Structure formats: C-alpha cells, structure tokens
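Q: here is my input, please return the structure:
(2 chains)
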2 protein chains.
Amino acid sequence: MFMGNKYKVLAGLLIGCWGWMAASRAPSTLQAGVPYPENFRSWTLIKTAVIEKGNPAFAHWGGFHHIYANEKAMAGYRTGRFADGSVIVFDVLEAVEKNNTLEEGERRIVDVMVRDTVRYAATGGWGFEEFNGASKTERLVGDSGKSCFGCHRVREGNGFVFSGYRE
Amino acid sequence: MFMGNKYKVLAGLLIGCWGWMAASRAPSTLQAGVPYPENFRSWTLIKTAVIEKGNPAFAHWGGFHHIYANEKAMAGYRTGRFADGSVIVFDVLEAVEKNNTLEEGERRIVDVMVRDTVRYAATGGWGFEEFNGASKTERLVGDSGKSCFGCHRVREGNGFVFSGYRE
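A: You can find the predicted model right below:
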C-alpha cells in the first residue's frame, strides 16, 4: 500500500518485496487464510495512481491501482488505529492507452490486507494475500504474508499501512 | 459522463459541450439549483480514466477522473432506470507525473448530475452543475444545464448517462 509522494522509495521497496515473493511464492488454490474481499468495489476509494513503464514496480503492479477500505479500515485511516476486521484492498488493472486517454483494462491482481491481531500476530496483526487476475481462489502469496510484511513493517507508526486517504 | 471505449467520439462531444458552455457560462456563487454532492467520496466508484494532453477534452477535463454514484444511481447503473434522487459525480483531479507514476493532484472540477424528473424536466430529468476546483459554491454552469444536456441527450437509451459500471 502506498502513501503520498514517496513513490521513488516505495518503488525500491516494492521491487524488493516482489523479488522476495517471487523467490518464495507457491501458488495454491487450497490455502486457507485471508478470504477474498467480496464486494470491495462498493467500499470507499482511498486513492488511485498509475504505475507506468520504467518504474521498477511496473512488472508486478503496473497499470491503474485503486486502494479501497471497508468501514473499519476507513476508521483506521482517520484515527491511525486499525481495529480487527479492517480490510484494505489494492486493486490493480491494466492501463490501456486510447486516443490520448488512459482507460482501465483487465484486472491484473487484487492484494488484500486483513486485520486480525490474534491470527496474524506474526505479521504485525495483518494477514496478507494476493489474488491472481480476476480469480477469487488463485493465491500468489505462499509464505503466510511474511514477504508482504517485510516491506509493510517499515510503516509501524502508521499501523503498517502505506497509503493515506485522499480527500 | 463517459462510457466504455467511445472516447474518440466522446472527445468531440465533450469539446463541443465545452465550447457551448464557454459561450454560455456565467459563474455565480448565488445560483440555486443542484446542490454540492456532500460526502460523494464515500460513494461507489463507477470507473476511472486519465485524459491526457493531445485529447481535445484535456483543457477542461484533463487529468484523472473518477465517476461516483450514490445508492439510487447505483441501482440505475444496474437496471438502466435512474430513480429520482440518483446522483452521479464526475470528479476531476490533476494527474501529476512522478518517477514513472501518475499520481492524483489537486481537484480541478466536480461535475454533478442529480435526478429529479419534475424539477429538471427541461433537461431530460437531470439537473447538471459543475463546481470549480475544491469550491462547493463556485458554479460554472450558467444555463441551467442546457449545455450539458446538449451532449447527454444522445444517451437517451441509457437514461442520458454516458458511463457504465466497471466491475
């Protein structure tokens, strides 16, 4: 999850995460854990950006991304404390260039953070998962979120969340 | 409001609308009518795009735009019939290029459509307004929405709405 104008630093962190994930991932359709965030498209949009070619994060996270929060996570964005049950989604869509307009294309991945301080105590109280494309079952995080938390841990002062709500 | 892959045609329509508006607008902070859509940032995101330099709509609508719908308008997107009380917002933000990432910048304009088949019978049952920048009072549509409806009327079969919900 991103925040403000820190993309250059974040790009480095993200590509580091990705390398870690690529080395450790083991796609599985059977893994229990973080559920697919049903109905997240009706949640509040936190912010949007487009990662373009040339950005080191492009290969994995390139295109439009929209960050959504459920009601508990919205309270967390406002207070800085994320209660159990908070869910944040990082929704990545292709960016398609047409007639000097960037349009949204196919869904590439859906990243999810779920707050449960007991179940996910080993990863800062957040469970992490990444769903492939439009699939609700094909999971890309094979290490119980340790790779994700490896980057998110630097944001301890912000509840391990990178992004901030854009008014 | 936009739909699907019709940007090239829409660009022409939009620039036509804009010319019409530019010729007819009379900014006013006193005009009654379509209210500012308070709290629209918590509504459902319909879709997003970025209008870039080179697009004829860039001068007026350039940058990120997010389309939001309140609950009644969401029902309209699903059924094709927009009940009175439906509100649709077209929120335009600067697109700022940073390190091969497009980020959201300042708000440029907020366009609003409000459904009231009695009050706005002369413009297809929709009231139209455009608010300048971050202002909730500086109105840019000076002709009771006739200029806006001049373009939206081509979408009669879709309730005079251009956009479609992106899942």
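Q: C-alpha from now on. contacts and neighbour counts both.
A: Noted.
Q: buried sites along the strand ranked longest in chain A?
A: With residue count as the measure and DSSP state E as the assignment, chain A has strand A:101-115 as its longest strand. Of the residues in strand A:101-115, those buried by neighbour count under the rule 16 or more other Cα atoms under 10 Å in any protein chain shown are A:101-104, A:107-115.
Q: format those residues as CSV; extra columns: distance to B:E138 and pLDDT.
A: As requested, the buried residues of strand A:101-115 are arranged in CSV below (distance: Cα to Cα, whole Å; pLDDT from 0 to 100):
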residue, distance to B:E138, pLDDT
A:T101, 28, 98
A:L102, 29, 98
A:E103, 29, 98
A:E104, 31, 98
A:R107, 37, 98
A:R108, 39, 98
A:I109, 40, 98
A:V110, 38, 98
A:D111, 39, 98
A:V112, 39, 98
A:M113, 39, 98
A:V114, 41, 98
A:R115, 41, 98
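Q: if we check chain B, which of the residues you listed are in contact?
A: Among the buried residues of strand A:101-115, the residues that sit close to chain B (Cα under 8 Å from any Cα of the partner chain) are A:T101, A:L102, A:E103, A:E104.
Q: neighbours of the closest residue to the second one other than its chain neighbours, just the number please.
A: Using Cα to Cα, 6 or more residues apart in numbering or on different chains and skipping residues adjacent in sequence, the residue nearest A:L102 is B:V50, 4.9 Å away. Neighbourhood size, B:V50 [other Cα atoms under 10 Å in any protein chain shown]: 26.
Q: I'd say B:V50 and A:T101 touch.
A: Yes: B:V50 is in contact with A:T101 according to Cα atoms under 8 Å; the separation is 5.6 Å.
Q: pLDDT wise, what is A:G142 at?
A: Among the per-residue scores, A:G142 shows a pLDDT of 89.
Q: follow-up on the earlier one: report the distance from the helix or strand following the longest strand of chain A to the chain centre.
A: Tracing the chain C-terminally past strand A:101-115 and defining elements by DSSP states H and E, one meets strand A:126-132 next. Relative to its parent chain, strand A:126-132 has a centroid offset of 7 Å by Cα atoms, centre = their mean, to the nearest Å.
Q: mind checking if strand A:126-132 is in reach of chain B?
A: No: taking Cα under 8 Å from any Cα as the criterion, strand A:126-132 and chain B are apart, separated by no less than 15.7 Å.
Q: so that strand versus strand A:101-115, what angle?
A: Between strand A:126-132 and strand A:101-115, the angle formed by their directions is 140 degrees, by axes from the mean of the first three to the mean of the last three Cα atoms, to 10 degrees.
Q: now tell me what touches strand A:126-132 from outside.
A: A:33-34, A:36, A:108-117, A:119-120, A:137-141, A:144-145, A:148-149 (Cα atoms under 8 Å, 6 or more residues apart in numbering or on different chains).
Q: rerun at 6 Å
A: Residues from elsewhere that reach strand A:126-132, judged by Cα atoms under 6 Å, 6 or more residues apart in numbering or on different chains: A:109-116, A:120, A:138-141, A:145.
Q: any idea of the mean pLDDT for the following helix or strand past it?
A: From strand A:126-132 onward toward the C-terminus, using DSSP H and E, the following helix or strand is helix A:146-152. Per-residue pLDDT over helix A:146-152 has a mean of 96.
Q: may I see the buried residues of helix A:146-152?
A: Buried residues in helix A:146-152, counting neighbours by 16+ other Cα under 10 Å, are found at A:K146, A:S147, A:C148, A:F149, A:C151, A:H152.
Q: state the distance from the closest residue in space to the fourth one that isn't next to it in sequence to chain B.
A: Spelled out, it's A:F149. Spatial nearest neighbour of A:F149, excluding adjacent residues (Cα to Cα, 6+ apart): A:T123 at 5.8 Å. A:T123 sits at a distance of 28 Å from chain B (criterion: Cα to the nearest Cα, to the nearest Å).
Q: before we move on, what about A:K72?
A: Counting by Cα to the nearest Cα - A:K72 and chain B are separated by 13 Å.
Q: got the CA coordinates for stretch A:107-115 in PDB?
A: The C-alpha coordinates for stretch A:107-115 follow below in PDB (Å, rounded to 0.1, in the frame of the first residue of the first chain):
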ATOM      1  CA  ARG A 107      -7.800  -6.900 -13.600                       C
ATOM      2  CA  ARG A 108      -4.200  -7.900 -13.000                       C
ATOM      3  CA  ILE A 109      -4.100  -8.700  -9.300                       C
ATOM      4  CA  VAL A 110      -6.000  -8.000  -6.100                       C
ATOM      5  CA  ASP A 111      -3.900  -7.500  -3.000                       C
ATOM      6  CA  VAL A 112      -5.600  -7.700   0.400                       C
ATOM      7  CA  MET A 113      -4.700  -6.800   4.000                       C
ATOM      8  CA  VAL A 114      -7.000  -8.100   6.700                       C
ATOM      9  CA  ARG A 115      -6.600  -7.000  10.400                       C
END
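Q: which residues are contacting that stretch?
A: Outside stretch A:107-115, the residues that touch it by Cα under 6 Å, 6+ apart are A:84-93, A:125-134.
Q: go again using 8 Å as the cut-off
A: Residues external to stretch A:107-115 that are found in contact with it (Cα under 8 Å, 6+ apart): A:34, A:36-37, A:61, A:82-94, A:125-134.
Q: and for stretch A:45-64?
A: A:11-12, A:14-15, A:18, A:65-69, A:92-95, A:104, A:109, A:163-166, B:41-42, B:44-45, B:99-104.
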